[in-house]
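Build me a model:
(one chain, ligands or ions: 4)
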Amino acid sequence: GELPEKTALALAFESIAGSMTDAVVVPEGYTAQVLIPWGTPLNSMAPNWSADRQMTPQIQANSVGMHHDGMYHFPLNDADASSDFLLSLNNEYIDQGALWAPQGGATNASSGVRPADEVRTEINAHGVTIVRVQKQLDGTWTHIPNSPYNRRFTSATPMELSGPVAGSQYVVTAYSTDGTKTRGTNNNCASGYTPWGTYLTCEENWPEVFVKDNGREADDNRLDIPTGRGRYGWETAAGDPSEVGGEFARFNATPRGATAADDYRNEPRTFGYIVEIDPYTNTRAVKRTALGRFRHEGCWPGKLVEGEPVVFYSGHDSRNEYIYKFVSDAVWDPADANRAGGNYDRLAIGAKYMDQGTLYVAKFNADGTGEWLPLTADATTQDGQRLSSALGLADDDLAGVIIHTCDAADLMGATPMDRPEWGTVDPVSGEVYMTLTNNTDRTAEGTDPTYSNGGSDIDGLGVGYASAPVNAPNPRADNEGGQVIRWREPSPEETTFEWEVFVFGAAATDSDNLSGLTELNQFASPDGLWYDDRGDGQGILWIETDNGYDGVASYTNDQVLAVVPSSVSMNEGDAAVIDASDQAQLKRFAVGPNGCEVTGIFATPDKTALFINIQHPGNWPADPGAIMQPATNAASGDVRPRASTVVIQKADGGQIGV
Ligand code: FEO
Ligand code: CA
Ligand code: CA
Ligand code: CA
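Ligands and ions are numbered 1, 2, ... in the order given. Next up is the predicted model:
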């Protein structure tokens, strides 16, 4: 007989108006519930959070961390996968005002010596939270205090290094003289996951917690390790800067000893990686160095094909930085999939697919084609040199190439992008989407005459940080709207691709509103992104924003938008897939409270609950358990704003979005 015709997936909610209130706003018929805000106790070692609670290292180490960002869900069993799972959550950075509100702010926040216990508390507010969450009979969600799975990884937690950099001279420190270990993960922004049931947490703005006053090397400058004082002055808690002992000396990377094994000159080289965490067992986190070293926004697996390599996509979120792809040496064995739950050695599978392989960087051509340029020691640069030699490294020094990933990418001729943030993959077609959030250092002709993408740091800003000229995937100067790009590859291991801009962000009234957005879907600075596969080769692309552009920010707070990609297509002559004729297809689904960015996103497997995160709200009570539809805030100054997860559900229990 004939196959039934596919029903076209369609969004079944009305695009909501912009909002500038202390509330999470969702369409009619939906609810939004606060879950696990910052400071929620994970176990009996921490008391309940309260507005006057003085945080301590002990309380913060046993409570949900601050400034929620990327997250993912890990089922405990198939039957309850949509109602009972481990939530793995990044705690990207801190708001010292909210953290230290009861004592009137951080002590010596910007000058002088920080007290050790404040630094310990701040370190413990960063990292990753793993917490078991459950849907209750009344349809609301709760976390499970004292679940043995509840766990924190902080900026002090011991971690392993693996892959080409592990055990190399580049990561020898006084803490790990064989270069195999480090302490902490930092500024974990977007998340990722693997097909074998582990979490990927990604180190983004980590350079800022270090200082290095002299003895600086090329990568310290390229990645902007500060001089003078770190972001929070953690290094000052170590006392005498010439000392290398104690728990805080590692934040000062200035050489002080005779050799690298005597100090922390290499400590920043133990950061900038994709970190793999097994949420189910009490194993150590592993930094997978083969996936490159930079300000990693996130990391997402490509389409899985049996017998072909496993690939991961990753972006470097800085102006005029690059997009990367890692291709494993090992080929995909479907027996490694779905290893969720139980006492299984998932990190051994991680080692199989993530420790040996080839890292590539993307070059986008103006004709809609692109190529992946290998970052191997023997690759040939655009000037015809061996890459290792061009970097001043020994012939087969792959560890050195990875330490200098960004300079290597410059030398190969990668395309500087408008701040790559989140990516996501349609698991059926293999199409990859990535947000390019904005770029204030993009000019029409590269007006900064010192700009060079050829590997020489002429202006001392680091190659790639100076003003770059517009190019095909980044065609707007002083780009405040940002864009989402899409590409497809013939197969996972291919080094060519085809690309197009999917949608340009803009204010509806902008002259460069290239996707023809209207008041009902105008947005800027796309950041979070998730392709929500709904079967039959169809799905919903969810776009979250982190917008500082007045053209849109004067109309609405940060938001979540939705579009079914199969409902829009590229028309001849259009700048992007979404154009003026597609405005009904791109809808505003949710708006966050004042001051926040909206980030982190996934739906439960049954698609009845969409989880998002509200980061750095300005004045939002995030009352645990409150149904925030509509959220109301008394706007009292004595309430400390709390980043939080928010669960969006339909009042009738149906699937989200449709
Ligand atoms: Fe942490 Fe690039 O956002
Ligand atoms: Ca981000
Ligand atoms: Ca951002
Ligand atoms: Ca179109």
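
Please make it C-alpha for all contacts and neighbour counts, starting now.
Fine.

How many residues are close by the residue nearest to residue 170 when sequence neighbours are not counted?
Excluding its sequence neighbours, the residue lying closest to residue 170 (Cα to Cα, 6 or more residues apart in numbering) is residue 266, at 6.4 Å. By the criterion of other Cα atoms under 10 Å, residue 266 has 23 neighbours.

And residue 266, how far from ligand 1?
For residue 266, the distance to ligand 1 equals 24 Å [Cα to the nearest ligand atom, to the nearest Å].

shouldn't that residue be in contact with residue 172?
Yes - using Cα atoms under 8 Å, residue 266 is in contact with residue 172, at 6.5 Å.

all strands for the stretch 301-450 of the chain, in order.
Using DSSP state E, counting those that start in this stretch, the strands found in the stretch 301-450 of the chain span residues 309-316, 319-321, 323-331, 357-364, 369-374, 417-418, 420-425, 432-436, 442-443.

Using CSV, write out every CA atom in the first one.
It stands for strand 309-316. What follows is strand 309-316 as a C-alpha-only set of coordinates in CSV (Å, rounded to 0.1, in the frame of the first residue of the first chain):
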residue,chain,number,x,y,z
PRO,A,309,34.1,8.8,12.3
VAL,A,310,32.3,10.6,15.2
VAL,A,311,32.6,14.3,14.8
PHE,A,312,32.1,17.2,17.2
TYR,A,313,31.5,20.9,16.3
SER,A,314,32.7,23.7,18.4
GLY,A,315,33.0,27.5,18.2
HIS,A,316,35.4,30.1,19.7
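
shared neighbours, residue 266 and residue 172?
residue 260 (Cα atoms under 8 Å, 6 or more residues apart in numbering).

residues contacting the residue nearest to residue 170?
The neighbourhood of residue 266, defined by Cα under 8 Å, 6+ apart, consists of 170, 171, 172, 173, 253, 260.

before we move on, back to that, please indicate which of the strands of the stretch 301-450 of the chain has the most neighbours on average?
Between these, the one whose residues have the most neighbours on average, counting mean count of other Cα atoms under 10 Å, is strand 417-418 (a mean of 32).

near ligand 1, anything from that strand?
No - for strand 417-418 and ligand 1, the contact criterion (Cα under 6 Å from any ligand atom) is not met; the two come no nearer than 11.3 Å.

what's that strand in contact with?
Judged by Cα under 8 Å, 6+ apart, the contacts made with strand 417-418 from elsewhere in the structure are 318-323, 436-439, 442, 473-474, 479, 482.

what residue ranges in this structure score low on pLDDT?
Residues of the chain meeting the criterion pLDDT under 70: 1-6, 446-466, 621-639.

Give me every residue in it lying close to ligand 4.
On the criterion Cα under 5 Å from the ion, ligand 4 has as its neighbours in the chain the residues 569, 570, 577, 578, 579.

how many neighbours does the second one have?
If I follow you right, that is residue 570. The number of residues packed around residue 570, counting by other Cα under 10 Å, is 14.

and it, what is it in contact with?
576, 577, 578.

if you set the cut-off to 10 Å instead, what comes out?
Under the criterion of Cα atoms under 10 Å, 6 or more residues apart in numbering, the neighbours of residue 570 are 500, 501, 502, 576, 577, 578, 579.

so which of those is the most crowded?
residue 578 (26 neighbours).

any chance you could map the strands in the stretch 451-600 of the chain?
Assigned by DSSP E, counting those that start in this stretch, the stretch 451-600 of the chain shows strands spanning 468-469, 483-488, 496-504, 526-533, 539-545, 559-563, 587-591, 597-603.

and the longest one, what other elements does it pack with?
Right, strand 496-504. Contact partners of strand 496-504 among helices and strands, from 3 or more Cα pairs under 10 Å, 6 or more residues apart in numbering; DSSP states H and E: strand 357-364, strand 369-374, strand 432-436, strand 483-488.

go with 6 Å
Contacting strand 496-504 under the criterion 3 or more Cα pairs under 6 Å, 6 or more residues apart in numbering; DSSP states H and E are the following elements: strand 369-374, strand 483-488.
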